[in-house]
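[1] Sequence and predicted structure are below.
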Amino acid sequence: MTTMVVIPARLESSRLKNKVLFELNGKTILQRVYEQASKAKGIDAVYIATDHHEILRSCESYTSNVMMTSPKHLSGTDRIAEAVLELSCDLVVNVQGDEPFISPELISFIAQTTKKT
C-alpha cells in the first residue's frame, strides 16, 4: 500500500497572508512542515500542493516534490484532491502547511491506523 503525505499550501491565507513562507529560525514554516512529514515512518513520499509560484520557488530549494494546483480551490482538501490525480497512491495523509511542529509520530500513527480500517 503506497502512502503519501500531501501538504496544501497557499499564499493568500485569510488570517495571515504569506504565513507558510514566514521564517522560523532560518527555515520557512512550510519547509519545517515538509521536514517533519518526511521523518514519519511508513510514508512513501511527501508532496506540497500549491497555487502560487512564490511558494513553488521556495520549495524548490529543498524538494522537487511540489505540484502546482488551481488558485480557485476553496479548501486545502480541494487542493489535495487535484494533486492526487497525478499521484499513484493508496492512502493520502493531509498535513496542513502551517503546522511546523507537527509530530512525525502522529503522522505515522494516522497512516497506520487508517491502513488497518
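    Okay, I see it. Residues are numbered from 1 along each chain as shown.

[2] And Glu60, how far from Glu54?
    Note on Glu60: its distance to Glu54, by C-beta to C-beta, to the nearest Å, is 11 Å. The way it works is simple: take the backbone N, C-alpha and C, and place the C-beta from them, glycine included.

[3] can you give me the helices in the protein?
    Secondary structure of the chain (DSSP state H): helices at 29-38, 53-59, 76-84, 104-116.

[4] Check the ones you listed for me and report the most buried one.
    Here the criterion is mean neighbour count by mean count of other C-beta atoms under 10 Å, and of the helices of the chain the winner is helix 29-38, at a mean of 21.

[5] Mind giving me the packing neighbours of it?
    Applying 3 or more C-beta pairs under 8 Å, 6 or more residues apart in numbering; DSSP states H and E, one finds that helix 29-38 contacts strand 3-9, strand 45-50, helix 53-59, helix 104-116.

[6] Show me the contact partners of the lowest-mean-pLDDT helix or strand in the chain.
    The weakest-scoring helix or strand in the chain, judged by mean pLDDT, DSSP states H and E, is helix 104-116 (a mean of 89). Helix 104-116 is contacted from outside by 1, 3, 5, 36-43, 91, 93, 95, using C-beta atoms under 8 Å, 6 or more residues apart in numbering.

[7] Rebuild those residues as JSON lines, extending it with distance to Glu23.
    Listed next are the contacts of helix 104-116 as JSON lines, based on distance: C-beta to C-beta, whole Å:
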{"residue": "Met1", "distance to Glu23": "36"}
{"residue": "Thr3", "distance to Glu23": "30"}
{"residue": "Val5", "distance to Glu23": "22"}
{"residue": "Gln36", "distance to Glu23": "16"}
{"residue": "Ala37", "distance to Glu23": "19"}
{"residue": "Ser38", "distance to Glu23": "19"}
{"residue": "Lys39", "distance to Glu23": "20"}
{"residue": "Ala40", "distance to Glu23": "23"}
{"residue": "Lys41", "distance to Glu23": "28"}
{"residue": "Gly42", "distance to Glu23": "30"}
{"residue": "Ile43", "distance to Glu23": "25"}
{"residue": "Leu91", "distance to Glu23": "32"}
{"residue": "Val93", "distance to Glu23": "25"}
{"residue": "Val95", "distance to Glu23": "20"}
